Each structure stands twice: as C-alpha cells, then as structure tokens.
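>>> got a predicted model here, sequence first, then my questions.
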Amino acid sequence: MYLAADRWRRQRLPRPARIAFCLAGDALFGVPFFLPPLQRAVEEYGIALRRRHVLKAVHGPSRTACFAVTDAGGRVTEIERRFDLLHVTPPQSAPDLIKRSPLANAEGWVEVDPVTLRHARHANGFALGDAAGTGNAKTAAAVRLQAPVVVRNLLAALDGRPPEAAYDGYGSCPLTTAYGRVVLAEFGYGGRVMPSFPLDPRRPRRSAWLLKTRFLPFLYWRMMLRGSERDLPHRERHVAGPQAA
Ligand SMILES: Cc1cc2nc3c(=O)[nH]c(=O)nc-3n(C[C@H](O)[C@H](O)[C@H](O)COP(=O)(O)OP(=O)(O)OC[C@H]3O[C@@H](n4cnc5c(N)ncnc54)[C@H](O)[C@@H]3O)c2cc1C
C-alpha cells in the first residue's frame, strides 16, 4: 500500500489516487511502539483508514467489495465499496493438512511450547515457522532463529536430555513506508522491542531499505538456506521518545 501510494504520488497523476486501507481489526500494526511512523505515512499519503471491516465477498464485474463492519457499539452492518484495484490479504492460517491433524491446537496451529518449540502433547515432535502456534510475528526472520533452537532441542531429546535452547519470540518486519525508506520493526514475545542496531527503530531509514533489499537476500540465499547460524544479534532495548497511545 505504501509503495503504491508513493509511486502514484511521484507520478503526479492528474486525479490523485484515492486509497482506503480496510482492516479486519482495530490496529494498524500489532505492536503499538511502531505505530507512529506507520500512522504518519497513512496521513501523509491521505489514505483512508477503515477499521473493523471484514471482507465478505468480491463482485468482479461490478468491481464491488462487500464488508461486514462492526461499529463501536458492536452492531454489524454490511456495506459495499467500489474499487478500481483491490489487494486482498487473507487471514493467516496453517495449511489444512496441519489444521486437521492431531498436532493442531484449537486455532489450527501446531501446538508447541513457545520457548522450546517442542510439541505440547507429543514429546518427540517439534515445529517452527508459520505453522507453529508460537504467537510471534510470522516472518522468515523468526524461522531463522527458530531453526537452530529446534535442532538443538531435537538432538537433546534424542539423547534423552531436556530441551536446552530457547526462542525469545523474535521476528522482524521491514515495513517499507516509501521507496528507499524502511521502518525495521524487530520485536519479540509480548511486543518487546528488540532491535539489532542501537538506533531508534521507529524512524524510516535508507539504511534499513538497503539492509532489506541488498543484505537480507544475501543472508537468506547464501547463509540461511545453507545452514549458517550467523546472524545480526538483536537484544531488548529501551528506546526513549513518544509512544503511541
Ligand atoms: C507478501 C509477504 C511478504 C513477506 N515479507 C517478509 C519479510 O520481509 N521478512 C520476513 O522475515 N518475512 C516475510 N514474510 C513472511 C515469510 O515469507 C514467512 O514467515 C516464511 O516464508 C515462513 O516460512 P515457512 O517455511 O514456515 O512457511 P512457507 O514459506 O509458507 O513454506 C511452507 C511450504 O509448505 C508447502 N505445503 C503446504 N501444504 C503442503 C502439503 N500438504 N504438502 C506438502 N507441502 C505443503 C507450501 O507450498 C510451502 O512451500 C512475508 C510473507 C509474505 C506473504
């Protein structure tokens, strides 16, 4: 959305694009600490933020999307919105194979201990990645840190020892607020802010853009997929400055 808004703004269209962001929930982003730069970008681009809009149906020929909208009093009404271009993100879900399996919890994710990543009911089972019921932000950055934890704890289990490695819930969302600018949101369980660099992570930065576009592909293809555990160390930091309400 931000990249499209930035591109259209740079094109100086005769009639500026009107963009609406319809969220199923209430919050623009799950971790309040990172809200100010995202909210600022929404305002600067003139994006209409529509909360509690759950997409129910799309009618292609008439370019209409139907939403169930819940108001502050909890009353639900159905509304239709016209669009020229619709970008839909489905709700996060584990694959049906997992959802229907005895490994799943009530929400359909693999039921693991969020720290050891060992299955809660089957001691010889482990899970990592998007399908794991761990409550972290579902990112490849999380997978990168979960993989060594699973390997260590799996080997310990095979030796009859208790799990020895712990996952702290780290995940990273590089949020591209414009071409050339990224807010590098790194956080762990409970929304604890865990940046890799001693900088205010709420600031959209060119350095974070270069990290995302140049370094992370290298980290992924050359290191992560080849089994290297080398990483940019992150840690919980207190960052001063205004917080989102
Ligand atoms: C648009 C987008 C942007 C993203 N950007 C970032 C980012 O900038 N940084 C970041 O860290 N993360 C990002 N992510 C998240 C990241 O891609 C995921 O967290 C990561 O890919 C999860 O890895 P995974 O191996 O757990 O699952 P997947 O990568 O989803 O792999 C699961 C695999 O299982 C296969 N599969 C499913 N069902 C079956 C079956 N029945 N039998 C056999 N195979 C099956 C699927 O085809 C798939 O290949 C992004 C995700 C999206 C969608």
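Structure's in. What do you need? Numbering: from 1, shown residues only.

>>> same question for stretch 187-201, mean pLDDT?
For stretch 187-201, mean pLDDT is 94.

>>> can you pull out the strands in this protein?
Along the chain, the stretches classed as strands by DSSP state E are 20-22, 48-50, 53-59, 64-70, 76-82, 171-178, 181-187.

>>> among those, which is the most enclosed?
For the strands of the chain, average neighbour numbers computed from mean count of other CB atoms under 10 Å are highest in strand 181-187, which has a mean of 23. The C-beta positions use only the backbone N, C-alpha and C, and glycine is treated the same way.

>>> which residues are contacting that strand?
If you take CB atoms under 8 Å, 6 or more residues apart in numbering as the criterion, strand 181-187 is touched by 29, 31, 33-34, 37-38, 137, 141, 169-177, 193-197, 201-206, 208-209, 211-212, 234.

>>> what residue lies at the spatial centre of this protein?
For the chain, the residue nearest the mean C-alpha position is Ala137 (4.9 Å; CA atoms, centre = their mean).

>>> buried subset of the contacts of strand 181-187 as a PyMOL selection?
A single PyMOL command suffices to select whichever of those are buried according to 16 or more other CB atoms under 10 Å:
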select buried, resi 29+31+33+34+37+38+137+141+169+170+171+172+173+174+175+176+177+193+194+195+196+201+202+203+204+205+208+209+211+212+234
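
>>> overlap between the contacts of strand 181-187 and the residues near the ligand?
Ala141, Ser172, Pro174 (CB under 6 Å from any ligand atom).

>>> with respect to the ligand, which of the residues you listed is nearest?
Distances from the ligand to those, taken as CB to the nearest ligand atom, are shortest for Ala141 (3.8 Å).

>>> wait, the closest one touches Met194, no?
No. The criterion here is CB atoms under 8 Å, and Ala141 misses it with Met194 at 10.6 Å.

>>> give me the common contacts of these two.
Taking CB under 8 Å, 6+ apart as the contact rule, Ala141 and Met194 both touch Tyr170, Glu186.

>>> in stretch 206-222, what counts as buried?
Result for stretch 206-222 [16+ other CB under 10 Å]: buried residues Ala208, Trp209, Leu211, Lys212, Leu216, Leu219.

>>> reformat these as TSV; add pLDDT.
TSV is the format used below for the buried residues of stretch 206-222 (pLDDT from 0 to 100):
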residue	pLDDT
Ala208	97
Trp209	98
Leu211	95
Lys212	96
Leu216	93
Leu219	92
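
>>> what pLDDT does Gly133 get?
Looking at Gly133, the pLDDT reads 97.

>>> the residue nearest to it when sequence neighbours are not counted and Arg203, how far apart?
Excluding its sequence neighbours, the residue lying closest to Gly133 (CB to CB, 6 or more residues apart in numbering) is Trp109, at 3.1 Å. Distance, Trp109 to Arg203, by CB to CB, to the nearest Å: 33 Å.

>>> next: Gly190.
Per CB to CB, Gly190 is found 23 Å from Arg203.

>>> point out the residues in this protein that sit beside the ligand.
Neighbours of the ligand within the chain, by CB under 6 Å from any ligand atom: Pro95, Leu97, Gly129, Asp130, Ala131, Lys138, Thr139, Ala140, Ala141, Val143, Ser172, Pro174.

>>> lovely, talk soon.
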